[in-house]
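Q: the following comprises the amino acid sequence and a computationally predicted model.
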Amino acid sequence: MSAETLLFGGAAEAYARYRPGYPQALFDLLLARTAGRGVALDLGSGTGAMLGPLTDRFERVAAVEPDAKMAALIAPAPNLDVQVASAETAPLPGKVDLVTCGTAFHWFDGPRVLSRLAEVAVPGALLAVCTYYRPDPGPATKAVIEDEIKARWKPFMHDRLGRHDYAARTLDAHGDWTAPERVRVPHRFEMAAEDLAGFHASTSYGSAYLRTLADPQGYLTDFADRLAEANGSRMLTVSLPVETLLSQPAGRRS
């Protein structure tokens, strides 16, 4: 996979505008399971969806994001250090209490990253691999999205997007980390049809498809109209649970 394929910079503004934040219940879970409040490390930070709650609660937060355009949209904080680098090569803090990864682990060289993290995780540290997929707006509207995948987006979907068990398998096989505990954190919220269309524009496959069009905005407007028609309203209630894997350094479980 080329570096260009992995970078989301062309969709950075859509990513920042349309990607939902993570639910407070997720952060409550992570904080309850993390012993220290010294350093949190977020890998594949994107435009910073995981970072606000972390900077509020940890003395120092390190964010690692390989795309400069995405990293440029991360909101600054006095205790936040942002590195434009990959999870495989970025300099890491010397001691880390919590490592988070929000919907990005499937892009990583998992074994390599886990080995690096094991070197800096303190006793009692927590690794949280948090992943959501596509918002589920209910059967009728979901059918419109599934049709769009088959008709237009599928050729632009990288094989890694289908590896839903990659993180769990990688953790299971890695001797430096405990077998992951699986936790599903529910997340339901309202979003406009335009925002649901924009969510798909922010994905690797959606943004790649849009780059082939002469009128991408016209396409998104039409797509939003079809979503609204299927739903019977321009406001949709969607479900976007966060599938979370929790692990600790092997032999050092608190």
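A: Yes, it's here.
Q: run through the protein and note the low-pLDDT ranges.
A: Applying pLDDT under 70 to the chain flags the ranges 1-10, 251-254.
Q: do a quick rundown of the helices in the stretch 51-200 of the chain.
A: Assigned by DSSP state H, counting those that start in this stretch, the helices in the stretch 51-200 of the chain fall at 51-55, 68-71, 110-120, 139-148, 166-173, 193-201.
Q: for Arg182, which of the ones you listed is the nearest?
A: helix 166-173 (7.2 Å; C-beta to C-beta). For glycine as for every other residue, the C-beta is placed from the backbone atoms N, C-alpha and C.
Q: redo the helices of the stretch 51-200 of the chain as JSON lines? Include distance to Arg226 and mean neighbour count.
A: Output for the helices of the stretch 51-200 of the chain, formatted as JSON lines (distance: least, C-beta to C-beta, whole Å; neighbours: other C-beta atoms under 10 Å):
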{"stretch": "helix 51-55", "distance to Arg226": "33", "mean neighbour count": "21"}
{"stretch": "helix 68-71", "distance to Arg226": "29", "mean neighbour count": "18"}
{"stretch": "helix 110-120", "distance to Arg226": "37", "mean neighbour count": "18"}
{"stretch": "helix 139-148", "distance to Arg226": "5", "mean neighbour count": "15"}
{"stretch": "helix 166-173", "distance to Arg226": "32", "mean neighbour count": "18"}
{"stretch": "helix 193-201", "distance to Arg226": "8", "mean neighbour count": "22"}
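Q: dump those into CSV; add distance to Leu220 as well.
A: Formatted as CSV, the helices of the stretch 51-200 of the chain follow (distance: least, C-beta to C-beta, whole Å):
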stretch, distance to Leu220
helix 51-55, 27
helix 68-71, 20
helix 110-120, 33
helix 139-148, 11
helix 166-173, 30
helix 193-201, 5
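Q: figure out which of these is closest to Tyr22.
A: That would be helix 51-55 among those, by C-beta to C-beta, at 7.8 Å.
Q: what's the closest one packed up against?
A: helix 24-33, strand 39-43, strand 60-65 (3 or more C-beta pairs under 8 Å, 6 or more residues apart in numbering; DSSP states H and E).
Q: residues making contact with stretch 13-32?
A: 8, 46-47, 49-50, 52-54, 57, 70, 73, 98, 100, 102, 126, 128, 130, 135, 183, 185-187, 189, 191, 195, 198-199, 201-202, 207, 240, 242, 244 (C-beta atoms under 8 Å, 6 or more residues apart in numbering).
Q: buried subset of the residues you listed, written for PyMOL?
A: Buried members of the contacts of stretch 13-32, defined by 16 or more other C-beta atoms under 10 Å, are picked up in PyMOL with:
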select buried, resi 8+46+47+49+50+52+53+54+70+73+98+100+102+126+128+130+135+183+185+187+191+195+198+199+201+202+207+240+242+244
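Q: which ones among the contacts of stretch 13-32 are found in strands?
A: Using DSSP state E, the members of the contacts of stretch 13-32 that fall within strands are 98, 100, 102, 126, 128, 130, 183, 185, 189, 191, 242, 244.
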